[in-house]
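# Compute the structure for the input listed below.
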Amino acid sequence: MKIRYWPVVLADVFLTFISVIFAAVLRFGPPHFGEPYLSLVLPFMVAAMILRPASLAVAGVYRKLWRYSTTRDFVWLISGVIGGTVVLFLSARYVFIPVWEQSFTPPAILIEGFINLSLVVIFRFLLKETEHYQEDIDWKKTGLTPTRNVLIVGAGSAGVHAFTEIVDNPQLGLRAMAFLDDEASKIGRQIQGLPVFGPTIRIAEVVKQQGIDEVIIAIPGAPQQTIMNIQARCQEIPVPCRTIPHFLEGGEESADVPTSALKLPMSLPDITAEEIQAVVKVMQSRNLSIGSRTVEFEKLIADVAQAKHAVAVTNGTSALHLCMIASNVGSGDEVITTPFSFIASANCILFEKATPVFVDIDPQTLNMDPAKLESAITEKTKAIVAVHVFGQPADMDPIMAIAGKHNLIVIEDACEAIGADYKDRRVGAMGRAGTFAFYPNKQMTTGEGAALVTNDEEWANLFRSLRNQGRDKFDGWLNHSRLGYNYRMSELNAAVGVVQLRRLEEMLKKRNDVANAYTKVLAGVEEAKPLRLAPTTTNMSWFVYVVRLREGIPRDSVITLMEKRGIPTRPYFSPIHLQPFYRRQFGFEPGAFPQSEAAGESIVALPFHTNMKVEEIEVVCRALKDVIREITTGA
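Below you'll find the predicted structure:
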C-alpha cells in the first residue's frame, strides 16, 4: 500500500474507535474502567480497529482516488463496512464469547456498524470535495478579476452549483450578479448573497437593470420548450446564453478539457501563475504584436531545436504551409508524407495545389517506413514531409540519404515532438526546416501557436516575410515584396511560450514519468500494448500516451465503454487517405495503406498530461482492463 494512503487508513482506525465508543455508550451506559466493562469493550474495540480497515482494503477502498469517486466507489465502500460488520459478528460469537465469556451483543454490533458506516461515508464525501494536489492552481490567488456579468436563470440546486463554479473558477472571467426564477417563494429573497428576481418573463428588464453580459440557464429539469422560450428571449434582447451543463466548456476543441463525471481531463496544459503574470505584463505594456516577447520566444525555440533560426507563427498548419511555399512546391508537383498523421501534414501540400503522395508506416514506430519511400518517388516529387508521430522521431538517416540521392527537400513535421532526439540529435532542423506546434494538448503550449526552425538564413528571412503579409525587412510602411499571410504570433501567446520554454525540460521529464507509470501499470495486459520506442529514439518527447488494442477488440466499443465509466479516450489517427475529402478528391479506398489503416483501427489515446498522478493512471488502467474484460468475456 502506498505511503499516501496511510493517513486515510489511520483516519479509518480512529473513526472505528469513535464508533465503538458511541455504540458502547448507547448499549452499556457511560464508560468506566472496571474489569467487566473493559473485558466487554476492549477486545471488540481492538478487533474492530484492525478488521474494519482490513475489510475496506479487501473491498479495494484504499485503491480509490476519492477526488474522482463515483457511485460505484461508494457502493464498494458500503460493502466493505458491511463485510467488516459480518466478520466482527462472527468474531464476537466464536472468539470473544468463548474466551472472555462476554462481548458486544448483535444489536450493539449493528449499532456500531451503522455509526461506522455513517462516519466513513461522510469522511469520503469530505475527501471527494477537498482532496487536492500540490500542482493544482489556486485561481483565487492569481489576481484575475471578472469581466462579464452573469445572470443565472434558476435558483435551485443547479443554479447554486453554477454560482459556486463561477466563484471557484475566476479564470472563467465571470461575475454572478443575480438569479432569475419563476418560483414565487424565491423571488425577492437572497440566495448565496445574490438577489432573486422573477418571473423569467422579466428577463429583458433584469438584464438591462443588472448590466448583464451573459445568461446561464440552470434549470436542467425544465421542459425543453421552457428552455427554448428563454433562449428566444435572450436572442431578442440580445444577450448570449448558455445552458447547464455546458457553460464551462470551450469552443469546438472542448474535448480536451475536463468534461467527464470523474473530472479526468483528456489532456491539460501545465499553466502556473507565472504564465498568467507574463500575459498580464504584456497587456500592461500595450505592445501586443511582434515585440520583445516574440523575439525572446524565437531565441529560446532555436536553442531547444539546436537550430540557427526560429520564426514564430500562428499554428502548426500555417508553419507547414510556409514550408511548402519556401520549397517552391506548386501545381503538378508531388510531396511525399505519411497517411498516419494529423490531416495538416497533407493539407499543407494541397494549399499550394501540389499532390500528396503517401508512404505507409512501420507498424512498430508508426512513422513513415523508409524501406517503402524510394518506390514512391517520381520525376514530379519535390519534397518529403517526415512526421515525428506522437513525439517519436522518424528514422531520419535513411530518409535524408534517399532525399539527397534524389535531390529532394526534407521538411520535418515535429509539431508533436519538441525536445525529441534521434540518435542524440535534436529533431526539427535535420531537414531543411522543421515545425513545432503549441496547441494546449501539446508538451508545452502558447494557447495557439507554432514555430519554424531552420539553419538556412534565407529561408528564415522568407518565413518572416511570409508571416507578415509578404513584407520584407527593409520594405516601407504598407509595402509588400511578395504574396504573404497574416501568420503572426501575438505577444500574448509568445509570453506564455517564453515561460513554458524555460520550464520545458522539467515538463518533458514529468511527461516521461507519467508515460513510464502507464507502461508499468499496463504491464501484462496483452490486449493493450503501449507504443514501442525505436532504438534510434534516444529521447522520446511524449505528446500523447497511446495503446494498441489486440486484433479483434473493437476500438470504438472500448472508447464508448470507457466514456460510460467517466474516462475520456480518443482514436489516433483516422488515416488521412480515408478522410471523406481525400477519398472524393483522389479516389482512395480502404486497403491502400494497410499498416496505417490497421493502426487507425486499433490505437487508443488515454488521458495524459504533465501533472497526471499515479492514482489517476491507476483509475484509467483499471477501467481499461474492466472494459477489455467485459468485451472479451461478454460479462
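# show me what contacts P31?
The neighbourhood of P31, defined by CB atoms under 8 Å, 6 or more residues apart in numbering, consists of 21, 24-25, 37, 41. Every residue, glycine included, has its C-beta placed from N, CA and C.
# do that again at 10 Å, thanks
21, 24-25, 37-38, 41 (CB atoms under 10 Å, 6 or more residues apart in numbering).
# Likewise for N468?
Contacts of N468 by CB under 10 Å, 6+ apart are 289-290, 313, 475, 480, 484-488.
# Please pick the buried ones from the residues you listed.
290, 313, 484-485, 487-488 (16 or more other CB atoms under 10 Å).
# In space, what's closest to A437 - neighbours in sequence excluded?
Nearest residue to A437, sequence neighbours excluded (CB to CB, 6 or more residues apart in numbering): G316, at 3.1 Å.
# my bad, should have said R502
Using CB to CB, 6+ apart, the nearest residue to R502 is L300, at 7.4 Å.
# Where does pLDDT dip in the protein?
Within the chain, the ranges that satisfy pLDDT under 70 run 1-5, 33, 35, 65, 67-68, 100-101, 131-146, 171, 245-263, 635.
# Show me the domain layout of it.
Structurally, the chain divides into domains by automatic domain parsing as follows: 3-130, 139-248, 273-502, 504-633.
# now the ones you listed in CSV, with distance to S267?
What follows is these, written out as CSV (distance: least, CB to CB, whole Å):
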stretch, distance to S267
domain 3-130, 16
domain 139-248, 16
domain 273-502, 4
domain 504-633, 5
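# right, so of these, which gets closest to P265?
domain 504-633 (6.4 Å; CB to CB).
# Quick one: distance of that closest one to the chain centre.
14 Å (CA atoms, centre = their mean, to the nearest Å).
# likewise stretch 467-480?
Here stretch 467-480 is found 40 Å from its chain centre; the criterion is CA atoms, centre = their mean.
# All further residue positions should be reported with the first residue as 323.
Will do, 323 is the new start, and the previous item becomes stretch 789-802.
# list the buried ones in it?
789-791, 793.
# With stretch 352-364 instead?
361-363.
# what's the closest of these to A817?
When the buried residues of stretch 352-364 are compared against A817 (criterion: CB to CB), the nearest one is V363, at 65.0 Å.
# one step back: tell me which of the domains of the chain is the most buried.
Stretch with highest mean neighbour count among those: domain 595-824 (a mean of 21; mean count of other CB atoms under 10 Å).
# nearest spatial neighbour of S640, skipping sequence neighbours?
Using CB to CB, 6+ apart, the closest residue to S640 is Y809 (4.3 Å).
# typed the wrong thing, it's V633
Leaving out its chain neighbours, the residue that sits closest to V633 by CB to CB, 6+ apart is F785, at 4.1 Å.
# That neighbour: which element?
helix 779-789 (DSSP states H and E).
# Need the three-state assignment for the residue nearest to the spatial centre of the chain.
Residue closest to the mean C-alpha point of the chain, counted by CA atoms, centre = their mean, is S589 at 1.6 Å. Under DSSP: H, G, I helix; E, B strand; the rest coil, S589 falls in the coil class.
# Let's verify L473: helix, strand, or coil?
If you use three-state DSSP, then L473 falls in the strand class.
# so who does it touch?
498-502, 516, 519, 525, 528-529, 532-539, 556, 561, 563.
# got it, and P685?
Counted by CB under 10 Å, 6+ apart, P685 has contacts 691, 854, 870, 916-918, 920-921.
# so where does it fall, helix or strand?
For P685, there is no host helix or strand (DSSP H and E).
# out of everything not next to it in sequence, what's closest to the residue nearest to the centre of the chain?
Nearest residue to S589 in three dimensions, chain neighbours excluded: N763, at 3.8 Å (CB to CB, 6+ apart).
# That neighbour against F664, yeah?
No: counting by CB atoms under 10 Å, N763 sits too far from F664 to count as a contact (11.3 Å).
# okay, and the common contacts of these two?
E738.
# what would the buried ones among the contacts of N790 look like in JSON lines with distance to R951 and secondary structure?
As requested, the buried ones among the contacts of N790 are arranged in JSON lines below (distance: CB to CB, whole Å; DSSP: H, G, I helix; E, B strand; the rest coil):
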{"residue": "I612", "distance to R951": "55", "secondary structure": "coil"}
{"residue": "V635", "distance to R951": "46", "secondary structure": "strand"}
{"residue": "G806", "distance to R951": "56", "secondary structure": "coil"}
{"residue": "Y807", "distance to R951": "51", "secondary structure": "coil"}
{"residue": "Y809", "distance to R951": "49", "secondary structure": "coil"}
{"residue": "R810", "distance to R951": "52", "secondary structure": "strand"}
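# Closest one of these to L332?
Distance to L332 across the buried ones among the contacts of N790 (CB to CB) is lowest for V635, with 54.6 Å.
# what residues are up against that closest one?
Contacts of V635 by CB under 10 Å, 6+ apart are 641-644, 757, 759, 771-774, 785-786, 788-790, 807, 809-811.
# picking up where we left off before, mind checking which of the contacts of P353 are in helices?
With DSSP state H as the criterion, helices contain 343, 346-347, 359-360, 363 from among those.
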